[in-house]
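Asker: Structure for the following, please:
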Amino acid sequence: MKYSVYLSVFATAVLLNACSSAPPSESVGLFKPSTSIQDIMLHIIDPNIDYVWNSVATISTAKGTEERRPQTDEEWQQLKQHALVVLEASNLLLIEGRSVAQQPASTSSGGAELTAAEIQKAIAANRSDYIQRAHALHKATESVIAAIDHKNVEQLVETGGAVDQACEQCHSQFWYPNDKRPK
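Answerer: The predicted structure is shown next:
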């Protein structure tokens, strides 16, 4: 009996302490980022959003015109799987302590991009903007998922454009802010 009283008091104390404690912050080491922002973009976001973008197309060749769009439940489900990967990857971009690129990887594909160190510095100096940009990608991708859930091809095209715009807004601020080409 005495043992169960002590156990009850201990359990209650642990529960009260857990309920009253502040949630762990990222700086405590909740996450352990292993890949770079560039890796997430190249290997997770890009291939999955490309699948979404390429799911609707009009392709004209000498043999005729092909209208590509998801039609079966299975095709819509596959599309949703790719969109969900992008949705959750937008959260991965926000984990503090993640490097922009693995050394010695280059962040430039066309000469207009900043170096990894310059991008890292820009993100650190404008962290709230960076968070806002990642949240914009998340919100745009939620709209894509809603279009998929409604099996609405027109809405899918429109919301896919919103994802492209969210990506471009972030890239033009952090990846290649000095690019003078028309946007």
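
Asker: nearest residue to I59 other than its sequence neighbours?
Answerer: Of all residues beyond its chain neighbours, the one nearest I59 is E66 (4.5 Å), with distances taken as CB to CB, 6 or more residues apart in numbering. Placement of C-beta: from N, CA and C, glycine included.

Asker: After the strand or helix carrying the one you found, which helix or strand is next?
Answerer: The secondary structure element spanning E66 is strand 64-68 (assigned by DSSP states H and E). Beyond strand 64-68 in the direction of the C-terminus, DSSP H and E gives the next helix or strand as helix 73-92.

Asker: still on that earlier bit, report the contact partners of the residue nearest to I59.
Answerer: For E66, the residues meeting the contact criterion (CB atoms under 8 Å, 6 or more residues apart in numbering) are 57-60.

Asker: quick one: low-confidence ranges for this protein?
Answerer: Counting by pLDDT under 70, the chain contains low-confidence ranges at 1-28, 104-112, 180-183.

Asker: Strands of that one, residue ranges please.
Answerer: Under the criterion DSSP state E, the chain carries strands at the ranges 57-61, 64-68.

Asker: Mind checking these for the one nearest to Q132?
Answerer: strand 57-61 (31.1 Å; CB to CB).

Asker: one step back: give the pairing partners of the strand holding E66; include direction for each.
Answerer: Using DSSP bridges, the strands paired with strand 64-68 in its sheet are strand 57-61 (antiparallel).

Asker: And the contacts of the partner strand?
Answerer: Counting contacts by CB under 8 Å, 6+ apart, the residues outside strand 57-61 that touch it are 65-69.

Asker: Could you rerun that using 7 Å?
Answerer: Contacts of strand 57-61 with the rest of the structure, by CB atoms under 7 Å, 6 or more residues apart in numbering, involve 65-68.

Asker: okay, now S55: neighbour count?
Answerer: Around S55 there are 21 other residues, counting by other CB atoms under 10 Å.

Asker: List the residues that contact it.
Answerer: S55 makes contacts with 69-70, 79, as judged by CB under 7 Å, 6+ apart.

Asker: Off-centre distance for stretch 50-59?
Answerer: Here stretch 50-59 is found 19 Å from its chain centre; the criterion is CA atoms, centre = their mean, to the nearest Å.
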